[in-house]
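Undergrad: this one's sequence-less:
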């Protein structure tokens, strides 16, 4: 990887651009004292304030052909049976043998990022129970002798956003499910155990959901027409250390946290008088996270198939839950990110597995691979090579770390970069070169990684 040097300071660079001191910092949000639901709806947490250069649009910036798209079987994704399908049993076993051998060797060598404390951090998982229908233990309106909550879709949206923001979510929006379009983002077959096939998800005209994986199905009532989509931000200092146990923890902890938040949201909805149908797995389940995130307006599709948000780039996990509580849907957004991916290609340049396509133009062609769902004009890359590398080295996420959008938000540089890409794409190539000049690969060195435990970290690993 190249190293870049310059005698020009960042302050001088910003001043030369005429952007010195420019800022788009949003007002910080502090938790209010809430006495009732009306106060929650009116609280700052219930509002969604975004920079002026984030524009709502009628269609996603990555083209979608809903007629081509069909509901997808989770069994085919890389994290289920897809990797073994792609590699074959013998090579698949070799990958996991290499993972075990590498971990033993690197821990014995006390390689930075693979010491015993580093490994303990990555594996400090503690899961709340995940359930499609939720814990079902909170009181209902009937048990309390009151009618269920009734509010406008706008009031309901502010209520759910306030609840999720107070429980750790960064951005929250909503999608209305339509039979011919967004409903196709719900998996046809849910996640299973390990590489086993999961239960079918039937969408039927019934009053109540069913969770019957033993008999091979789950039932999602057709009247549950709204998806709640929210992000959990990953820690900056963990993400800057890819191919270590630190970057592993940045992902795992978000899944740990989601398992807790989901159950709390399901309980909250139950007491309001509504269903909350969630992910029945510790990891991904129920529906396509990136697709729902894009349709909700949380962000845009990226070259690596994950969602880029205006606030945190690639550094978040997207989560979802389906409800019959009427909500005001968001709209797709355009802040120049998908267009910037055409020019940037930094993730492809630095991918250690050489798995990310450097193609300039997105394509409809999936290559007939069953782990890709047709219907999106995007960047289809060697995801099987990516996943095999991740397993071999016990985690990667280099693409997340090197992305120009992953720089610290609300700095003068980040604000100038984001605003320029959104409003003046003619400068996109310049911004890629500027990112190389000032940040190089954008990842921490081995020497720096060795000092991780001495850092004075802010709560949650970001500020």
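TA: Structure received. These numbers come from a predicted model, not from an experiment.

Undergrad: check which helix or strand covers residue 220.
TA: strand 217-221 (DSSP states H and E).

Undergrad: what residues does that strand touch?
TA: 132, 186, 190, 199-212, 275, 277, 280, 322, 324 (Cβ atoms under 8 Å, 6 or more residues apart in numbering). Heads up, the C-betas are built off the backbone N, CA and C, glycines and all.

Undergrad: switch the cut-off to 7 Å
TA: 132, 190, 199-204, 206-212, 277, 322, 324 (Cβ atoms under 7 Å, 6 or more residues apart in numbering).

Undergrad: following element in sequence after that strand, please.
TA: Next in sequence after strand 217-221, counting helices and strands by DSSP H and E, comes strand 226-233.

Undergrad: show me the contacts for the residue lying closest to residue 414 once chain neighbours are set aside.
TA: In this structure, residue 414 finds its nearest non-sequential neighbour in residue 407, 4.9 Å apart by Cβ to Cβ, 6 or more residues apart in numbering. Applying Cβ under 7 Å, 6+ apart to residue 407 gives the contacts 413-414, 439.

Undergrad: ok, now with 10 Å
TA: 236, 313, 315, 413-414, 417-418, 435, 438-439, 442 (Cβ atoms under 10 Å, 6 or more residues apart in numbering).

Undergrad: ok, residue 342 next?
TA: When the contact criterion is Cβ under 10 Å, 6+ apart, the partners of residue 342 are 303, 359-362, 379, 425, 428.

Undergrad: residue 142 - how many residues pack around it?
TA: Counted with other Cβ atoms under 10 Å, the neighbours of residue 142 add up to 10.

Undergrad: any idea which element it lies in?
TA: Secondary structure from DSSP H and E places residue 142 in helix 141-144.

Undergrad: which strands and helices lie in contact with that helix?
TA: If you count contacts as 3 or more Cβ pairs under 10 Å, 6 or more residues apart in numbering; DSSP states H and E, helix 141-144 packs onto helix 245-272.

Undergrad: where's the helix it packs on relative to the chain centroid, distance-wise?
TA: Centre-to-centre, helix 245-272 and its host chain are 13 Å apart (Cα atoms, centre = their mean, to the nearest Å).

Undergrad: now tell me what touches the helix or strand just after that helix from outside.
TA: Next helix or strand after helix 245-272 toward the C-terminus (DSSP H and E): strand 276-277. With Cβ under 10 Å, 6+ apart as the test, strand 276-277 has contacts from 131-134, 160, 186, 201, 209, 211, 218-221, 224, 227-228, 262-270, 286-287, 320-325.

Undergrad: what mean pLDDT does strand 276-277 have?
TA: Averaged over strand 276-277, pLDDT sits at 98.

Undergrad: what separates it from the chain centre, distance-wise?
TA: With Cα atoms, centre = their mean as the basis, strand 276-277 stands 19 Å off its chain's centre.

Undergrad: and that strand, which strands flank it?
TA: Paired with strand 276-277 in the same sheet, following DSSP bridges, are strand 316-323 (antiparallel).

Undergrad: just the buried residues of the contacts of strand 276-277.
TA: For the contacts of strand 276-277, a neighbour count by 16 or more other Cβ atoms under 10 Å gives the buried set as 131-134, 160, 186, 201, 209, 218-221, 224, 227-228, 262-270, 286-287, 320-325.

Undergrad: show me where the protein dips below the pLDDT cut-off.
TA: Where the chain drops to pLDDT under 70, the residues are 1-40, 43-46, 194-195.

Undergrad: again, only this time at 90
TA: Per-residue confidence for the chain (pLDDT under 90) gives these ranges: 1-49, 192-197, 236, 367, 406-412, 441-442, 444-448, 450, 460-463.

Undergrad: for it, just list every one of the strands.
TA: 55-56, 172-176, 200-204, 210-212, 217-221, 226-233, 276-277, 300-301, 307-308, 316-323, 333-334 (DSSP state E).

Undergrad: for those strands, which one sits closest to residue 41?
TA: strand 172-176 (13.5 Å; Cβ to Cβ).
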